[in-house]
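Asker: kindly generate the corresponding structure for this input.
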Amino acid sequence: MFLSWIIPAYNEEQRIGTSIREVDAYLRKKQFPGGYEIVVCDSASRDRTTDIVQGLQAQMSHLRLIVVENRGKGWAVREAMRAVNGDIRIFSDADNSVSPEQCDKLLPFVRTPQTRGEYDVVIGSIEVPGALIEEQAQWYRRLLGKAAKYVIRAGTGLWDIRDSQRGFKLFTAEAARRVFPLQTIAGWGFDFEVLLIAKKSGFRIKEVPVHWVNPGGSRVGLGAYVTTLHDLLRVMRNNISGRYRV
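Answerer: Take a look at the predicted model:
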């Protein structure tokens with residue numbers, strides 16, 4: 001299979017159906033050799049998320065549903081990455097804040113026989129030239145977000161990666177097989193952890209500008225910044241202790 005598209009979800013009944021249809025419409029137009037699959041990894045949602053996905057499965061033979069315990073977004077992505085079969089494996093947020101067609105910007109850089117790029121991990125970013133941002137979040141959230149990025153870059157040593165937290169990341173199958181078994185963070189900090197593991201494993205990482213739309217009303221509370229800081233300290237400790245050695 002050429003591509004596996006992963007959507008982690010928790011209580012997303014308001015938008016999961018629309019997001020799946022948008023991803024499917026994009027992938028159908030591409031006609032990738034070897035085909036594709038869309039995999040929703042649901043973290044034991046308490047609303048109708050699973051019902052909606054199961055209803056769409058009757059219309060989309062390439063749509064899969066994985067249900068895991070609710071341990072965080074990082075856990076859902078990790079379990080899905082280890083369960084899919086694509087030569088290329090991408091995960092995106094359930095709200096499609098980075099629209100599916102922007103995958104076209106990432107694919108030319110991927111190292112596969114079909115794409116012939118030079119990179120093993122390609123990530124969407126709003127901090128490199130060419131990025132576009134439509135954001136209505138409160139000013140203090142924007143300020144906290146900017147500060148957090150600098151702290152993460154300094155703490156992990158990923159100084160050359162300006163935006164580790166965007167939910168639009170692509171891995172080759174080889175990179176996924178080697179990176180995700182070493183992942184320890186189940187929550188928000190998993191993004192910079194897997195990038196650090198990839199870098200230490202010798203994989204090349206490319207940051208690509210994307211158009212990101214954040215309409216505001218985020219369900220991510222301010223407590224997520226505290227949790228992410230805690231995750232960062234864990235990642236720093238793991239790195240020092242050699243836990244990420246392949």
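Asker: centre of the chain to the helix or strand bottoming out on mean pLDDT in the chain, how far?
Answerer: None of the helices or strands of the chain scores lower by mean pLDDT, DSSP states H and E than helix 139-156, at a mean of 85. Its chain's C-alpha centre and that of helix 139-156 lie 18 Å apart, by C-alpha atoms, centre = their mean, to the nearest Å.
Asker: G124 is in contact with L107, correct?
Answerer: No. Counting by C-beta atoms under 8 Å, L107 sits too far from G124 to count as a contact (12.0 Å). Every C-beta, even on glycine, is put in place using the N, C-alpha and C of the backbone.
Asker: quick one, which of these two is more surrounded?
Answerer: Neighbours per residue (other C-beta atoms under 10 Å) separate L107 from G124, with G124 holding more: 26 against 19.
Asker: hmm, the more buried one is touching V98, no?
Answerer: Yes. G124 is in contact with V98 according to C-beta under 8 Å; the separation is 5.2 Å.
Asker: quick check: neighbours shared by those two?
Answerer: When contacts are counted by C-beta atoms under 8 Å, 6 or more residues apart in numbering, the set common to G124 and V98 consists of R166, F168, V210, W212.
Asker: quick check: which ranges of the chain have low pLDDT?
Answerer: Low-confidence segments of the chain, defined by pLDDT under 70: 137-140, 216-222.
Asker: so where do the helices sit in it?
Answerer: 16-30, 49-57, 73-81, 103-106, 139-156, 173-179, 190-200, 223-241 (DSSP state H).
Asker: any idea which of the shared contacts of G124 and V98 is closest to R48?
Answerer: F168 (25.5 Å; C-beta to C-beta).
Asker: ok, that closest one - contacts?
Answerer: So F168 contacts I90, F91, S92, D93, V98, Q102, L106, I123, G124, V210 (C-beta under 8 Å, 6+ apart).
Asker: try 6 Å this time
Answerer: F168 makes contacts with S92, V98, G124, as judged by C-beta atoms under 6 Å, 6 or more residues apart in numbering.
Asker: from N70, how far out is the residue lying closest to it once chain neighbours are set aside?
Answerer: Of all residues not flanking F168 in the chain, G124 sits nearest, at 3.4 Å (C-beta to C-beta, 6 or more residues apart in numbering). The gap separating G124 from N70 is 26 Å, by C-beta to C-beta, to the nearest Å.
Asker: now for L132, how many residues are close by?
Answerer: Using other C-beta under 10 Å, L132 is surrounded by 10 other residues.
Asker: just to revisit the earlier point, turn the shared contacts of G124 and V98 into TSV, columns for distance to W5.
Answerer: Putting those into TSV (distance: C-beta to C-beta, whole Å) gives the following:
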residue	distance to W5
R166	16
F168	11
V210	16
W212	18
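Asker: picking that back up, in a markdown table: the helices of the chain, plus distance to Q114 and mean neighbour count.
Answerer: Conversion of these to a markdown table gives the following (distance: least, C-beta to C-beta, whole Å; neighbours: other C-beta atoms under 10 Å):
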| stretch | distance to Q114 | mean neighbour count |
| --- | --- | --- |
| helix 16-30 | 11 | 17 |
| helix 49-57 | 27 | 18 |
| helix 73-81 | 20 | 24 |
| helix 103-106 | 14 | 18 |
| helix 139-156 | 31 | 14 |
| helix 173-179 | 12 | 20 |
| helix 190-200 | 21 | 23 |
| helix 223-241 | 33 | 15 |
